[in-house]
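Asker: predicted structure and sequence below. I'll ask about it afterward.
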Amino acid sequence: MKRPNVDLMDVLAFVRVVETGAFARAAERMGMSKSILSRRVQRLEEQLGARLLTRTAQGAFATDIGEAYFARASNILAELEAAEEVVADAVTQIAGPIRISAPISFGIDYLGSALADFAAAHPRIDLDVSLEDKKVDLASGGFDLAIRIGNLADSALIARRLTTVRSVLLASPDYLETRGRPEHPRDLNGHDLLVYANIGSSEQWRFKVDGEWEQIRGNPRLRADNGDILREAACAGLGICILPTFIASSAIREGKLEPLLADYPQPDIGLHVVMPPGRATTARVRALIEFLAARFGPEPSWDPCNAAYSKR
């Protein structure tokens, strides 16, 4: 069977439509008319002999075949872009688009201001930021990199640890006055717990007791997939929660929450930047990673709010 000779610009047009979800936005991003971009995508579908997109009034969405084609095509285009930078003067220029995925709370409280400063220092950079607490597929989403917090699973992604994220056990003064202050992790079994829903129970509520990790199973009063919701619930006196210090620092500083069981730490986790293969070779992505590493590490700025946890 003869392989079709596809035009790379047709492939790029299709990739941009999937990334933006609309022909008009993709055409604007590529600097061409919507009609020309539409003809390019249609020609690609005809050459491949398969429908890659479903077109609706709300936008354009990849079919199952389209999703598979997009995952491979976007990586190939990224590799080609990286190769062009290696052999051209543009390799030294920090310019072009960077698409980023990040958790909501960290993105709003810390990453947003960092990216604003990075963009101000590099006026030819274009940033496209998506905030989502659940992990996204970087390749199918067209992301250059993602900020992830926690333990990374084995994958083909390239990862760099930026800094350490420490966790702290917290409750409001009113809750502690009513329910009592736990003095040992086992005391939590009689308390209401506020639980983060995006990670498994085996990764939460673990404390180091006499050099060994112990798992606590209490009464889950509330579950949420966002740390800000847990912080506000704790401030309202609904129960005890474990939060990363970058979410808890303001409430601790204002006296709304009190750290508990400082002698029984929880496991530290990492703040990472992860990238699909090929993305890390572009000058703009390398520059952003170095900027974030200097901004957030080696010792994060949010930890001094709680010296007992920042020194452990």
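Answerer: That came through fine.
Asker: quick one: the helices in the stretch 101-250 of the chain, in order.
Answerer: 104-106, 112-121, 138-141, 173-179, 227-235, 245-253 (DSSP state H, counting those that start in this stretch).
Asker: what's the top helix by length along the chain packed up against?
Answerer: For the chain, the longest helix by residue count, based on DSSP state H, is helix 64-87. Using 3 or more CB pairs under 8 Å, 6 or more residues apart in numbering; DSSP states H and E, the elements in contact with helix 64-87 are helix 8-20, helix 138-141. For glycine as for every other residue, the C-beta is placed from the backbone atoms N, C-alpha and C.
Asker: where do the strands sit along this protein?
Answerer: 53-56, 59-62, 96-102, 125-131, 145-149, 158-165, 167-171, 192-196, 206-209, 212-215, 219-224, 240-244, 258-260, 269-275 (DSSP state E).
Asker: kindly reformat those as TSV containing mean neighbour count.
Answerer: Formatted as TSV, the strands of the chain follow (neighbours: other CB atoms under 10 Å):
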stretch	mean neighbour count
strand 53-56	14
strand 59-62	18
strand 96-102	20
strand 125-131	15
strand 145-149	23
strand 158-165	17
strand 167-171	25
strand 192-196	21
strand 206-209	18
strand 212-215	11
strand 219-224	15
strand 240-244	25
strand 258-260	18
strand 269-275	20
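Asker: pLDDT weak spots in the stretch 201-312 of the chain?
Answerer: Applying pLDDT under 70 to the stretch 201-312 of the chain flags residues 201-203, 278-281, 304-312.
Asker: can you list the domains in this protein?
Answerer: According to automatic domain parsing, the chain comprises the domains 8-87, 93-163+269-303, 167-260.
Asker: coming back round to it: can you add distance to I36 and give the strands of the chain back as CSV?
Answerer: CSV is the format used below for the strands of the chain (distance: least, CB to CB, whole Å):
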stretch, distance to I36
strand 53-56, 16
strand 59-62, 15
strand 96-102, 20
strand 125-131, 22
strand 145-149, 31
strand 158-165, 35
strand 167-171, 52
strand 192-196, 47
strand 206-209, 57
strand 212-215, 59
strand 219-224, 46
strand 240-244, 47
strand 258-260, 59
strand 269-275, 31
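Asker: quick one: which of those is nearest A287?
Answerer: strand 125-131 (8.3 Å; CB to CB).
Asker: helices and strands around that closest one, which ones?
Answerer: Against strand 125-131 (3+ CB pairs under 8 Å, 6+ apart) you get strand 96-102, helix 112-121.
Asker: at 10 Å what do you get?
Answerer: strand 96-102, helix 104-106, helix 112-121, strand 145-149, helix 283-296 (3 or more CB pairs under 10 Å, 6 or more residues apart in numbering; DSSP states H and E).
Asker: which residues does the most centrally placed residue in the chain contact?
Answerer: The geometric centre of the chain, computed from its C-alpha atoms, lies nearest to A102 (CA atoms, centre = their mean), at 2.6 Å. Applying CB atoms under 10 Å, 6 or more residues apart in numbering to A102 gives the contacts 108, 110-112, 115, 129-133, 136, 143, 145-149, 273.
Asker: before we move on, the earlier item: who wins for proximity to R39 among the helices of the stretch 101-250 of the chain?
Answerer: Here helix 138-141 is closest among the helices of the stretch 101-250 of the chain (CB to CB), at 24.7 Å.
Asker: buried ones in that closest one?
Answerer: L138, A139, S140, G141 (16 or more other CB atoms under 10 Å).
Asker: got it, and stretch 14-24?
Answerer: Buried-residue list, stretch 14-24, by 16+ other CB under 10 Å: F14, V15, R16, V17, V18, E19, T20, A22, F23.
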